[in-house]
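>>> show me how the following folds:
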Amino acid sequence: MTEPLNKFKIFCWTLFDFANTAFSVMVVTLTYPLFYKIVISNNSEYSDLYWGISVSISMLITAILAPIFGAAADHSHNTKKTLLLLTAISILSTALLSQLQPGMLLLGSILFIFANIGFESGIVFYDSFLPKITLKKNFGRVSGYGFAMGYLGALAILVINFPLLKDGISIENINNIHISFLTTALFFLIFAIPVFLVITEQKNNNKFGLYVYFKIGLKKVKDTILNLQKYKNVGNFLLAFFVYNDGIMTIISFASIIAVKSFNFSILELVYFFLFVQTFAIAGSIIFGIISDKIGSKKTIIISLLLWIMVISFTYFSTTKSGFYVIGSLVGILLGASQASSRSLMAKLTPKEQEAEFFGFYDGLCGKASAILGPLLFGLVSSIQNDQKFAIISIGFFFSLGLVLLTRVQE
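You can find the predicted model right below:
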C-alpha cells in the first residue's frame, strides 16, 4: 500500500536525482566533453564528430536496452536490483575516466558510452519508484521535488570541483581533472545509496534467461506501437517530441564545447556560466509551469520551440561572451519549460488505462532514441565545415520540424 506522503522516503528518492544530475553536468555536459576534445583527442579537427558518435552510440544502445531492462524488471520485480546494477556501471565507468591519458580515444569513448548507458537507463527505473512513495495525486509535486534536487546537485558538484577546474582543462592540469572524475563518482555513490536502503518492492521469484527478457521486451515495444495506432493523437505527439527533443539533447551534449571553441570561454568562466544557467532552469520550470496551467501545455511547448529557434539564430550571429550569457539564460529557462510542458501534455493525452505503457515508451524509448541523430549530425557538420556555426544551424532543423509536427496534435 503506497503511503500518501512519506517525507523521508520522498527525500531519499530525490537524493538519487541530486546524485545523478551531478554526473550529468560533469560527464555529459561540462568537464568530460572538453577533456575528450582537448586532451584525449588532442584537439583533433574531427573531435566534434568523435564526441557526437560516442553520444549517439550510447543513446542508441540505451534505446535498445530500455524495453529489455523494463521487461526484466516488470516480470521479476527486481527494479531496485536493476537500478543498482546500472548505477554501479555508471559510477565505476566515471571513476575509470581518471585513468585516461592523451590519445586514448577508443577507451575514452567506450568508458563514456558505458557511463552514459548506466545513467540514462537508470533514470527509467528511478522514475518507476514514484508510485511506491506517494499517491497519484501527489505525482506532480513530488516529481518537482526531484527536479529541484537535481538542479541543486548540479550546483553542489560544480562548487566541490571548482578548485580542481579553475586552472583549466589541459594536459598540464590533467591530475586535477582526473581527481574531479573521482569526486563525481564518489558524489554519485554516496547520494545514490539512500534510495536503495529505504525503497521496498514486492519480492518475486520469477527468473528467466536474458533471451526470454529480450523477447518480452521486443513484444512489449511491438504491442505499444500497435496500441498507439489506436490513439493517433498520442502517436502524433510522441513523433513531435522525438524530433524536437533531439535538438535539446544535442545542445546539452555540445554546450561546453560550443562555449570554448566558438566563444573562447575559459574553464573558470564556463563553471560560472553553468551556475548561471542552472539558476535560470529553476526559474523556467516555475514560470512556464504557471504559463502551462493558464494557456495549456501545447501552446506552451509551441512558445518554447519558437524561442528555441530564436536561440539558434541568436547563437549563429552572436560573437561575444555577453551575448552567449543571454543565450544561456534563455536555454536555462527553456530546458525547464520544455521538460515540464512535454511531460504535462503527455499526461493529458494518454488514456488512463494505457498510462504506464505509454509513459514507459515516452521515457524509455522515445526519450533515449531521440538523442541519436542530433549529436551525430552536429559532429559531422562541424567536422566537415570546420566551423560550429553551420552545425548550430543544423540543430534548428529539429526544432522547426518538431514545431510543424506539433501542430497536428490536438490537446
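
>>> could I get the contacting residues of Ala371?
55-56, 59, 245-246, 249-250, 253 (CB atoms under 8 Å, 6 or more residues apart in numbering). Bear in mind the C-beta positions are built from the backbone N, C-alpha and C, glycine included.

>>> pLDDT added to the residues you listed, as TSV?
Formatted as TSV, these follow (pLDDT from 0 to 100):
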residue	pLDDT
Val55	91
Ser56	91
Met59	90
Asn245	91
Asp246	91
Met249	88
Thr250	90
Ser253	85
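
>>> which residues of the stretch 1-150 of the chain score low on pLDDT?
By pLDDT under 70, the low-scoring segments of the stretch 1-150 of the chain are 1-5, 70-78, 131, 136-141, 143-144.

>>> again, only this time at 80
Counting by pLDDT under 80, the stretch 1-150 of the chain has low-confidence residues at 1-6, 66-79, 124, 127-148.

>>> tell me which stretches of it form helices.
7-23, 31-35, 47-76, 79-96, 105-128, 130-133, 139-165 (DSSP state H, counting those that start in this stretch).

>>> by contact count, what packs against the fourth one?
Under the contact criterion of 3 or more CB pairs under 8 Å, 6 or more residues apart in numbering; DSSP states H and E, the helices and strands touching helix 79-96 comprise helix 7-23, helix 47-76, helix 105-128, helix 174-198.

>>> hmm, try it at 6 Å
helix 47-76, helix 105-128, helix 174-198 (3 or more CB pairs under 6 Å, 6 or more residues apart in numbering; DSSP states H and E).

>>> what's the first helix or strand after the longest helix along the chain?
Of all the elements of type helix in the chain, the one with the most residues (DSSP state H) is helix 232-263. Remark: after helix 232-263, the chain's next helix or strand is helix 267-295, criterion DSSP states H and E.

>>> in that following helix, what's buried?
267, 269-271, 273-274, 277-278, 280-282, 284-285, 288-289, 291-292 (16 or more other CB atoms under 10 Å).

>>> repeat for stretch 167-178
In stretch 167-178, counting by 16+ other CB under 10 Å, buried: 168-169, 173-174, 176-178.

>>> could you say which helix or strand holds the closest residue to Gln385 other than its chain neighbours?
With sequence-adjacent residues excluded and distances taken as CB to CB, 6 or more residues apart in numbering, Gln385 is closest to Ala391, at 7.1 Å. Using DSSP H and E, Ala391 sits in helix 388-406.

>>> buried set for that helix?
Result for helix 388-406 [16+ other CB under 10 Å]: buried residues 388-389, 391-392, 394-403, 405-406.

>>> check stretch 379-390 too.
Buried residues in stretch 379-390, counting neighbours by 16+ other CB under 10 Å, are found at 379-383, 388-389.

>>> average pLDDT for it, rounded please.
Taken as a whole, stretch 379-390 carries a mean pLDDT of 84.

>>> got it, and stretch 199-214?
Mean predicted confidence for stretch 199-214 is 66.

>>> that one: end-to-end distance?
27 Å (CA to CA, to the nearest Å).

>>> follow-up on the earlier one: can you redo the buried residues of stretch 379-390 as a markdown table with secondary structure?
Output for the buried residues of stretch 379-390, formatted as a markdown table (DSSP: H, G, I helix; E, B strand; the rest coil):
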| residue | secondary structure |
| --- | --- |
| Gly379 | helix |
| Leu380 | helix |
| Val381 | helix |
| Ser382 | helix |
| Ser383 | helix |
| Gln388 | helix |
| Lys389 | helix |
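
>>> wait, which of the helices of the stretch 1-150 of the chain is closest to Ile303?
helix 139-165 (19.9 Å; CB to CB).

>>> taking helix 174-198 as reference, get the angle to that closest one.
Relative orientation of helix 139-165 and helix 174-198, computed by axes from the mean of the first three to the mean of the last three CA atoms, to 10 degrees: 150 degrees.

>>> just how off-centre is helix 139-165 within its chain?
In terms of CA atoms, centre = their mean, to the nearest Å, the centre of helix 139-165 is found 13 Å from the chain centre.

>>> cool, and stretch 402-411?
Per CA atoms, centre = their mean, the centroid offset for stretch 402-411 relative to its chain is 23 Å.

>>> one more: stretch 306-320?
That offset, for stretch 306-320, works out to 22 Å (CA atoms, centre = their mean).

>>> now swap in stretch 240-256 and tell me
That offset, for stretch 240-256, works out to 9 Å (CA atoms, centre = their mean).

>>> contacts for that stretch, please.
Identification of contacts with stretch 240-256 by CB atoms under 6 Å, 6 or more residues apart in numbering yields 29-30, 33-34, 55, 270, 305, 338, 342, 366, 370-371, 373-375, 378, 395, 398-399, 401-402, 405-406.

>>> stretch 151-165 now?
By CB under 6 Å, 6+ apart, stretch 151-165 touches 18, 21-22, 25-26, 176, 179-180, 183, 187, 267, 271, 275, 278, 281-282.

>>> list the buried residues of it.
151-158, 160-161, 164-165.

>>> and those, which two are the farthest apart?
Tyr151 and Leu164 (21.3 Å).

>>> JSON lines for the helices and strands packed on helix 79-96, including distance to Phe237?
Output for those, formatted as JSON lines (distance: least, CB to CB, whole Å):
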{"stretch": "helix 47-76", "distance to Phe237": "18"}
{"stretch": "helix 105-128", "distance to Phe237": "19"}
{"stretch": "helix 174-198", "distance to Phe237": "30"}
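
>>> who is the nearest residue to Val142 once chain neighbours are set aside paired with across the strands?
Spatial nearest neighbour of Val142, chain neighbours left out: Thr134 (5.0 Å); criterion: CB to CB, 6+ apart. Beta-bridge pairing for Thr134 (DSSP bridges): Leu5.

>>> ok, Thr134 touching Ile199?
No. Thr134 is beyond contact range of Ile199, at 11.9 Å (criterion: CB atoms under 6 Å).

>>> quick one: which of the two has more around it?
Thr134 (22 against 18; other CB atoms under 10 Å).

>>> can you tell me how far the more buried one is from Leu365?
26 Å (CB to CB, to the nearest Å).

>>> repeat for Gly374
Taking CB to CB as the measure, Gly374 falls 16 Å from Leu365.

>>> and if you look at Leu330?
29 Å.

>>> next, count neighbours for Glu45.
Under the neighbour criterion other CB under 10 Å, Glu45 is assigned a count of 11.

>>> phi and psi next, for it.
phi -70, psi -20 (degrees, to the nearest 10).

>>> need the contact list for it.
Neighbours of Glu45 in contact, by CB under 6 Å, 6+ apart: Asn386.
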